[in-house]
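**Q** I'd like to go over a predicted model; first the sequence, then the structure.
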Amino acid sequence: MREVHPLGKALKARTADVLDLTGARVRGLGHGEDAAVQSSFERINRNSTSALAHFLAGEGMEVSRQAVKETGKLYGELAAHRAASLQEVTQRCLCWRDSVAEVLEQSAAQLGVSPEALSQALHMMQVGVEFSLVRMAKSFDIEHQRTDVELAFMATHDSLTGLPNRTLILDRTEQVLVRSRRHKTPLAALCIGIGNFKSINETLSHGAGDQLLRAVAERFDDVVRDTDTLGRLGGDEFVVIAEELSLAEGPELLAVRLQGALTEPFTLKGEKETRLAVTASIGIATAARSSAQEFLRDADIAMYKAKWDGKDRYVVFDSGMQDAVKRRMELEMDLRDALPNDQLFLVYQPMFDLSDMSPMGVEALIRWQHPTRGIVQPNDFIPLLETTGLIIEVGKWVLQQACRQGARWREAGHSIGIAVNVSARQLDRDEFVTDVRNALSESGLDASALTLEITETTLMRNVEESARRLIAIRELGVRIAIDDFGTGYSSLAHLQQFPVDALKIDRSFTSRLTANSEGEALIHTLVQLGKALSIDTFAEGIERQEGLSMLQEEQCDSGQGFLYARPMDVDAVEAFLQGRGGDAAPSLAQAVQRRGRNAVATRGA
């Protein structure tokens, strides 16, 4: 053994030569273009050469063992990352073997080492190579097995949440259906859609959306039972397949628990923390179908029905829903063509100063004239604009058209303002501030003549961001009104965060004015709140003379309703404002005032 010691020392001294010779052989085989792979193999070759040299030189096994251990780790990394094929690794290993043999043979000739000692050194090297090949093959086999398991998991699970994906859900649903038919046990599929998720993605970033989905998945997982299957179908849709004991108190209870899991706002991490409240629309299917696809389709249809009915609710599927969904889908397809085909138009409903009944402005309202459907009711298509995201483009168009028309009326000598409704999807975007600025600039409308109406619910979706955008808009000189006031969830503290100029009292309160004393008390409270905050109050939906009289008594500032005027097209508004020579509008105001005075006198009597 001592006869090979000189060869070990010589090999250690010529490590660089081994690496150069190996590199040349590898390049000759067409390998070595990947810098990261090449770097790993250079470390493997250096470690292997060092281990063999120390062993041949008789310098102990510890250095050799450490080098072999690190080499094994490098082989494992190559296998795990699939950086090089098993064939390439084997070829590189053999190139190193031939290079070491060449250096040992040269060194033996130079040192006068006997052929027997050289043969013994080459044999030791070959044993090391064979050991390395076995170790390398084992590393690749382990990684391939692990990769197969990972690939199987990836094929059946959602990469974001780790929940079963559609493929696995369908498979498990088929099994549940079989068990249900065999044992006659109840089952249910609950399809869950997260409200306004697309808007969250667009305004806060996809990273924030991913955070939210993972957090929602964790909360849902906490409320479903071990016997239930929770999965993610894609996008913002989750599903729960429940059977047997989990349905003891009905699937509706499970739906309530799932909605309850979202009650507490979510805190999303980022450049700054964002607190976000979300809701869920849930569709429930309980009637077993012949296939998992049909069963899940029923739940999906019911979920869309829940969304269309107002979100944040659950709906149980019935057979009539399928036709309703089909009609809804057809309406949505037609709606996508409405704006480019000039089917949308605006009408304007006059607004009045209640102190003297003079017209003070108009509210722009969107309408849809379909070539075959005729006039489509706003309640039928405006929610669709929201859910599809078309409201952003359509809302921008409404703002532009209203500002242009308002500017024309003011140029014609009518000192009136114009009010435009703003959707939640619009206010969720920073670009909305730019849209307002551009609409004013392009139309020439004075900013103080424009009022943007925003519902309480819209404001409360993201209080801080809403306040920031509204402050920027208010700085342009635009007025801000809270629409449908009294129906949302804003507190006095929240109200003071927003730059509000007017409160529009919801028509549900106005309609109850004459019904009972509570209605009058509510109006009194809301008007006094506005006065305390130096905010104008505006009553919607005034349709009865008695209601007008009470509002005037409470000194509500302004209002609108069918008692005054219904929504009109442009020509009708111009005729209304001009009074066909200037008399019609004043006479209408005087007539309304007279009716108001008579009603007050009657009540006083």
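**A** Alright, I've got the coordinates.

**Q** C-alpha only now, for contacts and for neighbours.
**A** Will do.

**Q** what separates the host helix or strand of residue 179 from the chain centre, distance-wise?
**A** Residue 179 is part of helix 166-183 when elements are defined by DSSP states H and E. Offset of helix 166-183 from its chain centre (Cα atoms, centre = their mean, to the nearest Å): 30 Å.

**Q** do the same with stretch 94-108
**A** Worked out by Cα atoms, centre = their mean, stretch 94-108 lies 62 Å from the chain centre.

**Q** I'd like the average pLDDT over that stretch.
**A** Stretch 94-108 shows a mean pLDDT of 89.

**Q** buried stuff in that stretch?
**A** By neighbour count on 16 or more other Cα atoms under 10 Å, the buried set for stretch 94-108 is 94-101, 103-105, 107-108.

**Q** List the buried residues for the helix holding residue 179?
**A** Neighbour-count burial for helix 166-183 flags 166, 168-170, 172-174, 176-177, 179-180 (criterion: 16+ other Cα under 10 Å).

**Q** From residue 540, how far off is residue 530?
**A** For residue 530, the distance to residue 540 (Cα to Cα, to the nearest Å) stands at 15 Å.

**Q** what about those two, which has more around it?
**A** residue 540 (22 against 18; other Cα atoms under 10 Å).

**Q** Which residue, other than its chain neighbours, is closest to that one?
**A** residue 507 (4.9 Å; Cα to Cα, 6 or more residues apart in numbering).

**Q** burial measure for the one you found, as a count.
**A** By other Cα under 10 Å, the burial measure for residue 507, its neighbour count, is 20.

**Q** Equivalent analysis for residue 571, please.
**A** 10.

**Q** quick check, it in a strand?
**A** No: judged by DSSP: H, G, I helix; E, B strand; the rest coil, residue 571 forms no part of a strand; its state is helix.

**Q** returning to what we had before: Provide a list of residues in contact with the residue nearest to residue 540.
**A** By Cα atoms under 8 Å, 6 or more residues apart in numbering, residue 507 lies in contact with 484, 539-542.

**Q** can you list the domains in the chain?
**A** Listed domain ranges for the chain are 2-156, 166-319, 331-604 (source: automatic domain parsing).

**Q** Make CSV out of those domains and add distance to residue 325.
**A** Output for these, formatted as CSV (distance: least, Cα to Cα, whole Å):
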stretch, distance to residue 325
domain 2-156, 29
domain 166-319, 7
domain 331-604, 10
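
**Q** Just give me the lowest mean pLDDT stretch among those domains.
**A** domain 2-156 (a mean of 78).

**Q** can you tell me the distance between the two ends of it?
**A** Domain 2-156 has an end-to-end distance of 60 Å (Cα to Cα).

**Q** what does stretch 463-483 give?
**A** Terminal residues of stretch 463-483 lie 16 Å apart, using Cα to Cα.

**Q** how about that stretch: buried residues?
**A** Quick answer for stretch 463-483 (16+ other Cα under 10 Å): 463-467, 469-471, 473-474, 476, 478-483.

**Q** Filter the residues you listed down to the ones in helices?
**A** If you go by DSSP state H, the buried residues of stretch 463-483 have 463-467, 469-471, 473-474 in helices.

**Q** From those residues, pick the one nearest residue 448.
**A** residue 474 (9.5 Å; Cα to Cα).

**Q** The lengthiest helix in the chain to helix 166-183, inter-axis angle?
**A** Taking DSSP H as the criterion, the chain has its longest helix at helix 115-156. Per axes from the mean of the first three to the mean of the last three Cα atoms, to 10 degrees, the angle that helix 115-156 makes with helix 166-183 is 60 degrees.

**Q** next SSE after whichever strand or helix holds residue 451?
**A** Element membership for residue 451, per DSSP H and E: strand 450-455. Next in sequence after strand 450-455, counting helices and strands by DSSP H and E, comes helix 456-460.

**Q** CA atoms of that following helix as CSV?
**A** The C-alpha trace of helix 456-460 is given here as CSV (Å, rounded to 0.1, in the frame of the first residue of the first chain):
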residue,chain,number,x,y,z
GLU,A,456,-72.5,54.0,2.1
THR,A,457,-71.8,50.4,1.3
THR,A,458,-69.3,51.4,-1.4
LEU,A,459,-67.5,53.8,1.0
MET,A,460,-67.2,51.1,3.7
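
**Q** which helices and strands sit right next to that helix?
**A** Applying 3 or more Cα pairs under 8 Å, 6 or more residues apart in numbering; DSSP states H and E, one finds that helix 456-460 contacts helix 424-427, helix 463-474, strand 479-485.

**Q** out of the ones you listed, nearest to residue 118?
**A** Proximity to residue 118 (Cα to Cα) singles out helix 463-474 among these, at 79.1 Å.

**Q** what does the closest one contact?
**A** Contact with helix 463-474 is made by 427-428, 430, 433, 436-437, 459-460, 480, 494, 497-499, as judged by Cα under 8 Å, 6+ apart.

**Q** now, which of the buried residues of stretch 94-108 sits nearest residue 257?
**A** Proximity of the buried residues of stretch 94-108 to residue 257, judged by Cα to Cα, is greatest for residue 94, which lies at 63.6 Å.

**Q** Once you drop chain neighbours, what's closest to the closest one?
**A** Closest residue to residue 94 in three dimensions, ignoring its sequence neighbours and counting by Cα to Cα, 6+ apart: residue 129, at 7.9 Å.

**Q** could you pull out the strands for the stretch 301-450 of the chain?
**A** Secondary structure of the stretch 301-450 of the chain (DSSP state E, counting those that start in this stretch): strands at 314-316, 344-353, 358-370, 374-376, 417-421, 450-455.

**Q** Looking at these, which is nearest to residue 5?
**A** Of all the strands of the stretch 301-450 of the chain, it is strand 314-316 that lies closest to residue 5, at 82.2 Å by Cα to Cα.

**Q** Report the distance from the closest one to the chain centre.
**A** Chain-centre distance of strand 314-316: 23 Å, with Cα atoms, centre = their mean.

**Q** Equivalent analysis for stretch 547-563, please.
**A** With Cα atoms, centre = their mean as the basis, stretch 547-563 stands 42 Å off its chain's centre.

**Q** now do stretch 468-476
**A** From the chain centre to the centre of stretch 468-476 is a distance of 25 Å (Cα atoms, centre = their mean).

**Q** can the ones in helices among the buried residues of stretch 463-483 go into CSV with extra columns for distance to residue 417?
**A** CSV is the format used below for these (distance: Cα to Cα, whole Å):
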residue, distance to residue 417
463, 27
464, 28
465, 27
466, 23
467, 23
469, 22
470, 19
471, 20
473, 16
474, 16
